[in-house]
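Colleague: Pasting the sequence and the predicted coordinates here, then a few questions.
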Amino acid sequence: MDVSFWQKDLETIERQPLKKLQLKLLRETVDFALKTPFYKSRLHKVAITSSDDIKSLEDLKKIPFTTKDDLREGYPYGHLAVDLGDVVRIHTSSGTTGIPTVIYHTKSDLDNWTDLVARSIVATGATKKDIFQNMMSYGLFTGGLGLHYGAERVGLTIIPAGPGNTKRQMQLMKDFRTTLIHITPSYLLHIGSKLEEFGFSLKDFVLKKAYCGAEPYSGNTRKKLEKSFGIDVYNSYGLSEMNGPGVSFECVNKCGMHTWEDAYIMEVIDPKTGKNLGEEKEGELVFTTLRRRATPILRYRTRDLAFIYKGTCRCKRTHRRISRITGRSDDMLIVNGVNVFPSQIEEVIMKIPEVGNNYQVYLEKEGALDKLTVKVEIYSKMFTGDLLQLDSLKEKIINELRAAIILTPAVELHEPGVLPVSEGKAKRVADNRQKI
Amino acid sequence: MAKQLNIFMENRPGRLASIAEVLYKNKINIITFTIQDRGDFGLVKMMVDKPKDAHLVLADKGYACALKEVLVVSIPDKPGNLFKLAKILLKYKVNISDAYGFVMAAEKQGICSLELALLDKKKIKSILIKEGFSILEEEGIYELV
């Protein structure tokens, strides 16, 4: 199989020079991190006051993990390491409650990110001849813009379609002869199931490749998608705290996602003990940024579960590969590619006086897509006996949840005492989705 | 003014039975009832012989319920009488939020229960009386059965 590279020297760098480069970049990153109030205090506690205290990659282990809550607590400026004037873009992502996490980017940060995405695109064999329809959200969510700029740098023809409006997506794919799409796996399944209904058939398309990310899915679903569309499907992994897409990406061999190790130090840990698990053992992915100036993050606990493959890839890239994401080590839900924490939902509904104490977050499949229903109980004492009150209450809950979690959930009103009584978080979430 | 008991109810089998059981066990008689459907839930509207007691026992059992004032108008069961009633409400620009009607005695008496979106209910009550309608108070409703 033909193998192309975007930054061949970096992508095929031998392991020893790569480790040397990682150490150099880690030391730079620590110096930048020490400029932030958060890391200054945290690193001083473990006697790291300058990059001189990092003598080898082993010293990384002296640095405590950074969690999503740490990022939230620093909101909005606690993790900013450069002058705000040098920041050219802000991305935020959902926090575990109402406070989001924010990532700042300098011009060079975006430049580096774009190169990582460009590498990823080229690694799948895509070229400037490809017509690329990007069906991920543009905006604060990094999926859309991340792939967009990488693809632009490689020279692909981009259709910035964004998500949704399935019929128009099909029309664009047909009219502009789209060869490559970036999409959540469940939305690709959805498109497959709606072709006939919207008056299209596979013969209308010349699709060759799909990049699938933002939600976990199985190897079998990939095979199903590849077979039914007659295309190659490549796995993509990223998270906004580590820029977004372009952290780990599959090459033409489709045997795990290469993590760009000159931009991130990757670890896999036991989520309970924090112990390093090395290769081939499934655990929680932990990343350290190596090239980001505005928001350096050290040993970030992603809560995503995966393992690192042993051995090298036939493509000659020396960057190690991770498995597909198999799950989460926390209670975060991924609903149609959007990350939602049950605590975010709780925070919204508990502020509404007409709602009682018990609630349930219910997930199911509606066709290929996820359906999120929030069930709440009416608080008897606040009930005025009016149907209009109930209607506007439902509307209010939907609107406030939409503002908090970006998704539009269905809301069900229940009689008091009907929903499971609150005893910890587990019972609050009923996930009846079949894994794809 | 008469009292109507409005009860929030999920739309699934057995909910009406459970409300009716509570009322039965407390010896409360139902005079009228209607259900408004909103898909996954509904609102039961009832007139009962002991509205305050009914409200207490249901609330005690955890139901979300409330007492509402309604205007119960007795109208002779003759063609044109609903038109006459509605015209008066139009004249005073009174909007009807909800209503239901039934015949008590054919060709004699009809009943129209009105929920009015109006603050000054007493005023419209006296207007209707002046126009020749009789308004049933709580006791009057119990006498219907």
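Modeller: Great, that's in hand.

Colleague: Correct me if wrong: A:Gln22 contacts A:Thr288.
Modeller: No - here A:Gln22 does not reach A:Thr288: they are 9.0 Å apart, not a contact under CB atoms under 8 Å. (C-beta placed from N, C-alpha, C; glycine too.)

Colleague: More neighbours: these two, which one.
Modeller: Neighbours per residue, other CB atoms under 10 Å in any protein chain shown: of A:Gln22 and A:Thr288, the larger number sits with A:Thr288, 25 against 20.

Colleague: Give me the three-state assignment for the residue of chain B found nearest chain A.
Modeller: Residue of chain B nearest chain A, by CB to the nearest CB: B:Ala66 (3.0 Å). Three-state call for B:Ala66 (DSSP: H, G, I helix; E, B strand; the rest coil): strand.

Colleague: Just list the residues touching it, thanks.
Modeller: A:383-385, B:5-6, B:55 (CB atoms under 8 Å, 6 or more residues apart in numbering or on different chains).

Colleague: Just the buried subset of those residues, please.
Modeller: Using 16 or more other CB atoms under 10 Å in any protein chain shown as the burial test, these include A:383, A:385, B:5-6, B:55 as buried.

Colleague: got those as JSON lines, with distance to A:Ile397 columns?
Modeller: Below are the buried ones among the contacts of B:Ala66 laid out as JSON lines (distance: CB to CB, whole Å):
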{"residue": "A:Phe383", "distance to A:Ile397": "15"}
{"residue": "A:Gly385", "distance to A:Ile397": "19"}
{"residue": "B:Leu5", "distance to A:Ile397": "26"}
{"residue": "B:Asn6", "distance to A:Ile397": "20"}
{"residue": "B:His55", "distance to A:Ile397": "26"}
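
Colleague: Which single one of those is nearest to B:Leu136?
Modeller: B:Leu5 (16.1 Å; CB to CB).

Colleague: Skipping its backbone neighbours, what lies nearest that closest one in space?
Modeller: Ranked by CB to CB, 6 or more residues apart in numbering or on different chains and with sequence neighbours excluded, the top spatial neighbour of B:Leu5 is B:Met46, at 4.7 Å.

Colleague: circling back: so for the buried ones among the contacts of B:Ala66, which is the shakiest by pLDDT?
Modeller: Lowest in pLDDT among the buried ones among the contacts of B:Ala66 is A:Gly385, which has 90.

Colleague: For chain B, which residues are neighbours of chain A?
Modeller: B:6, B:8-10, B:15, B:36, B:38, B:40-41, B:43, B:59, B:62-68, B:97-98 (CB under 8 Å from any CB of the partner chain).

Colleague: so where do the strands sit in chain B?
Modeller: Counting by DSSP state E, chain B has strands at residues B:2-10, B:30-37, B:41-48, B:65-76, B:96-105, B:109-116, B:134-136.

Colleague: Next, format the ones you listed as JSON lines and append distance to A:Val348.
Modeller: Shown next, in JSON lines, are the strands of chain B (distance: least, CB to CB, whole Å):
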{"stretch": "strand B:2-10", "distance to A:Val348": "21"}
{"stretch": "strand B:30-37", "distance to A:Val348": "27"}
{"stretch": "strand B:41-48", "distance to A:Val348": "20"}
{"stretch": "strand B:65-76", "distance to A:Val348": "25"}
{"stretch": "strand B:96-105", "distance to A:Val348": "30"}
{"stretch": "strand B:109-116", "distance to A:Val348": "32"}
{"stretch": "strand B:134-136", "distance to A:Val348": "45"}
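
Colleague: Minimum distance to A:Ala404: which of those has it?
Modeller: A:Ala404 lies closest to strand B:41-48 among the strands of chain B, at 23.4 Å (CB to CB).

Colleague: Show me what that closest one pairs with in its sheet, parallel or antiparallel.
Modeller: In the sheet containing strand B:41-48, its partner strands are strand B:2-10 (antiparallel), strand B:30-37 (antiparallel), by DSSP bridges.

Colleague: Could you find the closest non-adjacent residue to A:Asn134?
Modeller: A:His182 (4.9 Å).

Colleague: typed the wrong thing, it's A:Lys371
Modeller: In space, A:Lys371 is closest to A:Glu364, 5.3 Å off (CB to CB, 6+ apart).

Colleague: ok, that neighbour - contacts?
Modeller: Residues in contact with A:Glu364 (CB under 8 Å, 6+ apart) are A:370-371, A:373, A:432-433.

Colleague: Now do the closest residue to A:Ile159 other than its chain neighbours, the pLDDT please.
Modeller: Take A:Ile159 and drop its neighbours on the chain: the residue closest to it by CB to CB, 6+ apart is A:Gln133, 4.3 Å away. Confidence at A:Gln133, expressed as pLDDT, is 98.

Colleague: cool, B:Glu143 as well?
Modeller: 68.

Colleague: Around chain B, pick out the residues from the stretch 101-250 of chain A.
Modeller: Checking the stretch 101-250 of chain A against chain B by CB under 8 Å from any CB, there are no hits.

Colleague: is it true that the residue nearest to A:Ile159 lies in a strand?
Modeller: Yes - counting by three-state DSSP, A:Gln133 is located in a strand.

Colleague: so it bridges to which residues?
Modeller: In beta-bridge terms (that is, DSSP bridges), A:Gln133 pairs with A:Ile159, A:Ile181.

Colleague: ok, A:Leu215 to A:Ser137 distance?
Modeller: For the record, residue A:215 is Glu, not Leu. As judged by CB to CB, to the nearest Å, A:Glu215 and A:Ser137 stand 13 Å apart.

Colleague: Helix or strand for the closest residue to A:Arg328 other than its chain neighbours, just tell me which one.
Modeller: Using CB to CB, 6+ apart and skipping residues adjacent in sequence, the residue nearest A:Arg328 is A:Arg303, 5.3 Å away. Using DSSP states H and E, A:Arg303 falls within strand A:300-306.

Colleague: Residues contacting that strand, please?
Modeller: The list of residues contacting strand A:300-306 from outside it, by CB under 8 Å, 6+ apart, reads A:65-68, A:237, A:239, A:241-242, A:268-269, A:271, A:282-289, A:322-330, A:332.

Colleague: does A:Ile334 sit in a helix, a strand or a coil?
Modeller: With three-state DSSP as the criterion, A:Ile334 reads strand.

Colleague: My guess is it contacts A:Gly213. True?
Modeller: No - judged on CB under 8 Å, A:Ile334 makes no contact with A:Gly213 at a distance of 10.8 Å.

Colleague: Which one of the two is surrounded by more residues?
Modeller: Legend: neighbour count by other CB under 10 Å for A:Ile334 and A:Gly213, higher for A:Gly213 (27 against 18).

Colleague: And the closest residue to the more buried one other than its chain neighbours, its phi and psi?
Modeller: In this structure, A:Gly213 finds its nearest non-sequential neighbour in A:Ser236, 3.5 Å apart by CB to CB, 6+ apart. Main-chain torsions, A:Ser236, degrees, to the nearest 10: phi -130, psi 140.

Colleague: if I pick A:Ser236, what's in contact with it?
Modeller: So A:Ser236 contacts A:120, A:182, A:211-213, A:245, A:248-250, A:257 (CB under 8 Å, 6+ apart).

Colleague: one more time with 7 Å
Modeller: Taking CB atoms under 7 Å, 6 or more residues apart in numbering or on different chains, we find A:Ser236 in contact with A:211-213, A:245, A:249.

Colleague: Low-confidence ranges, chain A, go.
Modeller: A:1, A:422-426 (pLDDT under 70).
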